[in-house]
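Undergrad: prediction below, plus the sequence it came from.
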Amino acid sequence: MLCQKWQLLLGTMALVLPLTFSLAHPKIGINQAIAQNPIPVQRQHRTALIIGNSNYKLADTLVNPVNDATDIANSLRQLGFDVTLLKDADLRQMEEAIENFNRHLRQGGVGLFYFAGHGVQVDGENYLIPVSARLEREQDVRYEAMAMGKVLNVMEDANNDVNVIILDACRNNPFARQWRSLQRGLAAPTQAVKGTLIAYSTAPGKVAFDGDGRNSPYTTALLQNMKAPNLDVEQMFKQVRADVLKTTSGKQTPWESSSLVGSFAFNSTNESNRNNMTSSVTTPQSSRTQEIINTPPTPITSPTPPLASPRTNYFAQQPSLVEVKTDDNQAKALGTTYSFTINLPEDAGTALQKITINQREGAEYIRFHLKESVAFKGGRSQKREKLQLKDISSDRQTQTISFTFDPPVSPGAKITIALKAQQNPQRGGVYLFGVTAFPTGEKPHSQFLGFGRLQFYQHI
């Protein structure tokens, strides 16, 4: 009987002692289990707004900004960014894109803004110049261009983890000869936003080169270094600076201002650092500890990875809004047709699934006969080959009309949407309609094409 009790006691101790040691050293058991079974960490959401302005209407045309913006956008998409790309944008398009950018940034994660084109400074504030800007006097810049402070405010308002602003816009001021001021390049930032890195293609007050090849020297260096594996963003910009100095024989010195707190790499290949900001630190175990733990710890089961979400589908080259016309611009006219002509380029990369037309401005809301509205190939004055439509719908609350094509429109086509108005507005004036295109796919990335401007006149 006594022998059986001792056997029971010894068996209990054999079970309890390993558990007691594990509880007394919780980090050892858990960390070893995590090391053997790492829990996957989801990559943070990445959002980018890219603008390239080359074909200025009232200023010197620039060779490379559209190329620069296109190539940066493509590289960022390969690095996991959701990218909006604007080329040769006017002020309305830039402001619309900034508003959408702000909504995406509110999801958290990493935000990046890139601009290539003309930029100027006035009274210490930097402005990014749209292609249609009329800047006869310095005072005009506040109404015809977009202040960089607006971009900073959008990023500060989103309060996300990492913000990167890249300005390849420090070229000669094309309006300087008309202004009293002779300020060159861009001014150093006066507004500080936590977690933000601002990168200039050259030092404040200096002028950057546009370049002789497809890209500017600065963007060329960015494209080369952005994909370097696990290269911290601040180290990356140092390498960019070294490359540009070498390319320009020391005549152009890129410059940054950083208030980043964490770390970030464009091309993060380390699985344990997929969130690109912080990584778990596992305390190394001493050789003595490894000798003591001679029974494997209970493994921690990794959670089942979530099903892959649908891949976002983009236009490789965005469609363009070619023309917006009305066949009668007299107020109160009945049965007028408003024509919106859109070009889908050959290299769009994907078909066109849907077009939305949203009334943004005007003294009153215009109603349409949807059943009499059509879409067809070609311009408004060309022979009409009707396009099949899956749906035409109207949302009165948002003042938006949607055209869904079935089958989708293939790249290389020019199409026109003819909206049949019930009646022209009773009050004359300017009416603005925003046009947005959607590619095919389960997760299409919409592309804002710009505003159509219609003006109606009242009889005197």
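TA: Nice, I can see it.
Undergrad: residue 112 sits in which helix or strand?
TA: Assigned by DSSP states H and E, residue 112 belongs to strand 110-116.
Undergrad: pull out the buried positions in that strand.
TA: 110, 111, 112, 113, 114, 115, 116 (16 or more other C-beta atoms under 10 Å). Backbone N, C-alpha and C define where each C-beta goes, glycine included.
Undergrad: just stretch 194-211 next, same as before
TA: The neighbour-count check on stretch 194-211 (16+ other C-beta under 10 Å) flags 195-204, 206-211 as buried.
Undergrad: name the SS class of residue 436, please.
TA: Here residue 436 is recorded as strand under DSSP: H, G, I helix; E, B strand; the rest coil.
Undergrad: let me fix that, I meant to ask about residue 235.
TA: helix.
Undergrad: picking that back up, out of the buried residues of stretch 194-211, which sit inside strands?
TA: 196, 197, 198, 199, 200 (DSSP state E).
Undergrad: how close does the residue nearest to residue 132 when sequence neighbours are not counted sit to residue 453?
TA: Once flanking residues are discounted, residue 132 sits nearest to residue 90: 4.4 Å by C-beta to C-beta, 6 or more residues apart in numbering. To residue 453, residue 90 is 11 Å away according to C-beta to C-beta, to the nearest Å.
Undergrad: what about those two, which has more around it?
TA: Remark: of residue 90 and residue 453, residue 90 carries more neighbours, 18 against 12, as counted by other C-beta atoms under 10 Å.
Undergrad: that one reaches residue 134, doesn't it?
TA: No: Residue 90 lies out of contact with residue 134 (C-beta atoms under 8 Å); the separation is 11.3 Å.
Undergrad: can you tell me the closest non-neighbouring residue to residue 311?
TA: Per C-beta to C-beta, 6+ apart, closest to residue 311 is residue 443, 6.6 Å.
Undergrad: ok, the one you found touching residue 313?
TA: Yes: with contact defined as C-beta under 8 Å, residue 443 and residue 313 form a contacting pair (6.4 Å).
Undergrad: looking at the two, which is more packed in?
TA: Using other C-beta under 10 Å, the more surrounded residue of residue 443 and residue 313 is residue 313, with 17 against 11.
Undergrad: doesn't residue 446 make contact with that one?
TA: No: counting by C-beta under 8 Å, residue 313 stays clear of residue 446, with 10.5 Å between them.
Undergrad: following the worst-scoring helix or strand of the chain on mean pLDDT, which helix or strand comes up?
TA: Lowest on mean pLDDT, DSSP states H and E among the helices and strands of the chain sits helix 287-292, with a mean of 32. Counting by DSSP H and E, the next helix or strand C-terminal to helix 287-292 is strand 312-313.
Undergrad: what pairs with the next helix or strand after that next one, parallel or antiparallel?
TA: Proceeding N to C from strand 312-313, the next assigned helix or strand is strand 320-326, under DSSP H and E. Paired with strand 320-326 in the same sheet, following DSSP bridges, are strand 337-344 (antiparallel).
Undergrad: how about low-confidence regions in the chain?
TA: 1-43, 171-185, 189-192, 270-310, 383, 460 (pLDDT under 70).
Undergrad: just want the most central residue of it.
TA: residue 48 (2.5 Å; C-alpha atoms, centre = their mean).
Undergrad: can I see the domain layout of the protein?
TA: 46-132+141-258, 320-456 (automatic domain parsing).
Undergrad: can you say which of the ones you listed is packed in most?
TA: domain 46-132+141-258 (a mean of 20; mean count of other C-beta atoms under 10 Å).
Undergrad: got the end-to-end distance for it?
TA: End-to-end distance of domain 46-132+141-258 (C-alpha to C-alpha, to the nearest Å): 19 Å.
Undergrad: what of stretch 188-195?
TA: End-to-end for stretch 188-195, by C-alpha to C-alpha: 17 Å.
Undergrad: kindly report the same for stretch 123-137.
TA: Stretch 123-137 end-to-end distance (C-alpha to C-alpha) = 13 Å.
Undergrad: and residue 120, what element?
TA: Going by DSSP H and E, residue 120 is in strand 119-122.
Undergrad: which other helices and strands does that strand contact?
TA: strand 125-128, helix 141-144 (3 or more C-beta pairs under 8 Å, 6 or more residues apart in numbering; DSSP states H and E).
Undergrad: returning to that earlier point: nearest to residue 262 among the buried residues of stretch 194-211?
TA: residue 195 (7.7 Å; C-beta to C-beta).
Undergrad: so the closest one touches residue 164, yeah?
TA: No: Residue 195 is beyond contact range of residue 164, at 9.8 Å (criterion: C-beta under 8 Å).
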